[in-house]
Structure formats: C-alpha cells, structure tokens
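J.: Have a look at this prediction, sequence included:
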Amino acid sequence: MAQLLAGVRVLDLTNVLAGPFCCYQLAQVGAEVIKVEVPGVGDLARQLGADPDLNRRRMGASFLAQNAGKRSVTMNLKHPAGKDAFRRLVASADVVVENFRPGVMDRLGLGYAALKEIRPDLVYCAISGFGQDGPLRANPAYDQIIQGLSGVMSVTGSPHTAPLRVGYPVCDTMGGITAAFAIAAALFRRTQTGEGEAIDVSMLEATLVAMGWAVSNWLIAGVRPVPMGNENMSAAPSGAFRTGRGLLNIAANKQEQFEILCRLVAREELIADPRFAARDDPDRLGQVLGMDVLQQEARRAGAQGLEIGDRAFGALHRAGHALLRAAPVHQTADGAAGGVVDAGHPGGADIDRVGGLLRRGRLLGGGRSAIARAGGQREGEQCRQQTVSVDAGGGCQWARKHRDRLLPRGRRGLL
C-alpha cells in the first residue's frame, strides 16, 4: 500500500520533543524527513534517556523514540555558507518545521517570508510554547511549564495530591500532533490551490483544546474543574478499583451498564435506589463500588477474595463493560500487538520503538526504519551516505556518490 505522504519532503529543524514528534508522525506516513542539526551538538534529545552509554554516544533513548526513519544533515545556519546550503535545500522541500523561539528564523534571514521567495508553495510550521505573537511569545517553554500554565496539573491527582504533573510529556505530544495534523491539512489545501501556508502552533493552545470537559465545563457551564483522582466527572461508576489481583479499571457509564454491574456484584437493590437515579451522580461511584463489595469480600475471604475478583472481572468483561486492568507502562509496551516495531540500533543491535499512529488495513509506517546519526549515515544502512555537513568555517563536505538524494529534484550541483 502506498504511503500517504510519499513524495513529500520535510526539513526538520526541531529539537527535543514537540517538533521531532510532529516530524516523526509525518515520516511514519511516508514523508521523506531530513533532520537539520547543529554541527557537533545535534538535537538535545541525543543526550537524554535512561541509558547513559547511549547518551554519551549522542543516541539517547529520547532521541531514538522520535527520529526513526529520518535522514540527518548538519548545518551551521548562523554562517553564510550554511544559510546558502539550507536555502538550496529548501528549493526541493515541501515542508519546513522549526521550534525556535519566535523571531529566531527571521533574524537568521530564514523565516517564512524569505523562504517563500525560494519555494512559493512551501508549508512552513513554527511550533512554540505560546505562539508567534502575544505577551508570552518570547518566554521559553517546556512541557512542565505548559502543564502548569494550562491547568493540566490543577486537575491531575486527587484533592489531596493535586496539582500533579501528568506522567509523560502530554503538552509536547499535543503540540506535535497538532502540528502534524495542520501540516497534512495544509498539504491537502495546496493540492487544491497551489498555495503554501504559514502555520503557528502554540503548545499552550493545543493543550487547552485537548482538555475537553475540564475547559468546556468552565467556559459553558461555569463549573470550576477540580482534581478527582480516578473518578469521572461526567458519569459513574467509573474509576480504578483495588481487587485481590491489583487495580481494575471500570467505566460503566451508561444506565444499562450500571444495572448489569449492580447485578454482577450482587447489589441489585441499588438499581432502584433513588440516590443513584442520575448516571452523573458522583456519589454512585463510591456507594456502589469504591469497589466496596469486592474489597470487603477480598479482605474477609483472604485467598478466596482473589477468586471473587477474577470472577467479577470476567463477568463484567463478558457483559460488555469498558473494563481492563490498570497496567504499568512496561507491561503494555511489552504486550502491544503490532504496535511496537524494531529499528536499527547504533552498534548493529536492534531496538524497539512504538510504531505509527494510523491503521488502514495494517499499521502505516510499521516495520524496520533506521535511526540517523547527526551528519552521518543512518544506522543500519550500509554505504548510503546522505548528509551535507557545513562547519563554522563554511567548509562543505558532500557524499557525492549519493548527492542526488538531498538535492532539488531533477537538479544537481547546487551544493
């Protein structure tokens, strides 16, 4: 099956997570992504991850997770020769993605207005913490900062523990996926109009859009969002409950699911109890389960309680409830069916990474894809140099055997 963005060339000037995640998703659906990095330093994520040896080798786990399938180019964009090389590369590109602070690319003479002169139909995407204008535009932004300012932390945890940071970089991720979506939309529009686009993605705004009821209940209903732990503000019983075999996630949000649940835990009298007539009554959560029945039985029956928990789990699952055990990350990652694929590891071994976002008959972007060294060939590819390195002195080194790989389509000798 043809890749959805086959033939699209993306220049990835981004660092760390939001931008690299955006371009990684584009690569997963077939785009040719060329990562442009600072000579001798590269993406900061090359030094980040749980494996110190990989960090020392500038192939940190954080970098490996977001950069499979990309090619690597090192250019000094502050030097005239580096700028000239980049402009020539832009002539062959469909998309440029950057996540510098607002104004940096313009000061380099490489902003959207300048690059549009080279490639009039260019799609240019700038990702930043707070957007390209406004009072916060110049502020640095990391995921932690956006989680706090957006209010994500204020609704995470219980009333006793909040505010808490979400356990993964959710704001970086939302910024990146929003940018990828916007780029794909702009590319489609270009097929209709022939025009390029300048896209301004704010991590803060992307996060607010993704917060759903936490924001809309306040803006529309005037209800201030509060931390609720594992409970669901909109329906009950919904949450994580302790059983003899660990935490169990239950979302019996519809009335018929609630009734089935009451029968399964031998509390059928609660169906007609007027206290629980409204499915959005939060008291129903603790009163019915808090996993009251299962927890009390488990404590009272000891080992027999384990069997009770398992029987309830199986019965609820068969009854069509949204129900699964609350699993740690390592178990889910190890057990993912088809979603985890291997990529070339620096040194010749294999590494695992999460595959693409989309399925259409099969996982798009799935399968083996290699990791790029900064200014070197991609790991796992023998004798396929595909980089240009422009150093501070302006010297240009080109792997001439395969120079056509990065030059504008149909044109040679520009670098």
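T.: Great, that's in hand. Residues are numbered from 1 along each chain as shown.
J.: from here on, contacts and neighbour counts on C-alpha atoms
T.: Will do.
J.: List the contacts of the closest residue to N230 other than its chain neighbours.
T.: In space, N230 comes closest to G239 once its chain neighbours are excluded; the distance is 4.9 Å by C-alpha to C-alpha, 6 or more residues apart in numbering. Contacts for G239 (C-alpha atoms under 8 Å, 6 or more residues apart in numbering) come out as N230, E231, N232, N249, I250, A251, L285.
J.: Just the buried subset of those residues, please.
T.: Neighbour counting with 16 or more other C-alpha atoms under 10 Å marks E231, N232, N249, I250, A251, L285 as buried within these.
J.: Let's have the residues you listed in JSON lines, adding distance to E37 and secondary structure.
T.: Converted to JSON lines, the buried ones among the contacts of G239 look like this (distance: C-alpha to C-alpha, whole Å; DSSP: H, G, I helix; E, B strand; the rest coil):
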{"residue": "E231", "distance to E37": "44", "secondary structure": "coil"}
{"residue": "N232", "distance to E37": "44", "secondary structure": "coil"}
{"residue": "N249", "distance to E37": "43", "secondary structure": "strand"}
{"residue": "I250", "distance to E37": "46", "secondary structure": "strand"}
{"residue": "A251", "distance to E37": "46", "secondary structure": "strand"}
{"residue": "L285", "distance to E37": "52", "secondary structure": "helix"}
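J.: in a strand, that's where the residue nearest to N230 is, yeah?
T.: Yes - looking at G239 with DSSP: H, G, I helix; E, B strand; the rest coil, it is inside a strand.
J.: List the beta-bridge partners for it.
T.: Residues in a beta bridge with G239, per DSSP bridges, are I250.
J.: Read off the pLDDT value for it.
T.: Residue-level confidence at G239 comes out at 78, pLDDT.
J.: From the contacts of G239, pick the one nearest L13.
T.: In terms of C-alpha to C-alpha, no member of the contacts of G239 lies closer to L13 than N230, at 38.7 Å.
J.: so the closest one touches R242, yeah?
T.: No - using C-alpha atoms under 8 Å, N230 and R242 do not qualify as a contacting pair, with a distance of 11.9 Å.
J.: same for the helix or strand that contains M105, what does it pack against?
T.: In this assignment (DSSP states H and E), M105 forms part of helix 104-107. For helix 104-107, the contact count by 3 or more C-alpha pairs under 8 Å, 6 or more residues apart in numbering; DSSP states H and E identifies no helix or strand as a packing neighbour.
J.: next SSE after it?
T.: With secondary structure assigned by DSSP H and E, helix 104-107 is succeeded by helix 112-118.
J.: Please put the alpha-carbon coordinates of that next one into CSV.
T.: The C-alpha atoms that make up helix 112-118 are tabulated as CSV, following Å, rounded to 0.1, in the frame of the first residue of the first chain:
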residue,chain,number,x,y,z
TYR,A,112,8.7,32.2,6.2
ALA,A,113,8.7,35.4,4.1
ALA,A,114,12.3,34.7,3.0
LEU,A,115,11.8,31.0,2.3
LYS,A,116,8.6,31.7,0.4
GLU,A,117,10.6,33.6,-2.1
ILE,A,118,12.6,30.4,-2.8
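J.: how close does E231 get to P140?
T.: Taking C-alpha to C-alpha, to the nearest Å as the measure, E231 falls 34 Å from P140.
J.: One more: A182?
T.: A182 is 23 Å from P140, by C-alpha to C-alpha.
J.: quick one: low-confidence ranges for this structure?
T.: Regions of the chain meeting the criterion pLDDT under 70 cover residues 1-2, 235, 243-244, 278-415.
J.: Show me where it has its strands.
T.: Under the criterion DSSP state E, strands of the chain are mapped to 9-12, 32-37, 71-75, 95-98, 123-128, 197-202, 238-243, 246-251, 322-325, 340-344, 350-354, 388-390, 396-398.
J.: which one among the buried ones among the contacts of G239 gets closest to M174?
T.: The nearest member of these to M174, counting by C-alpha to C-alpha, is N232 at 21.6 Å.
J.: S238 is in contact with the closest one, correct?
T.: Yes - shown here, N232 and S238 form a contact pair, counting by C-alpha under 8 Å, at 5.8 Å.
J.: separation between D94 and A85?
T.: 16 Å.
J.: Kindly report the same for A114.
T.: 14 Å.
J.: The two: which has the busier surroundings?
T.: A85 (21 against 15; other C-alpha atoms under 10 Å).
J.: So for the longest helix along the chain, what gets flagged as buried?
T.: For the chain, the longest helix by residue count, based on DSSP state H, is helix 170-193. Across helix 170-193, burial judged by 16+ other C-alpha under 10 Å covers 170-180, 182-184, 186-187, 190.
J.: Then stretch 86-96?
T.: F86, R87, R88, L89, V90, A91, S92, A93, D94, V95, V96.
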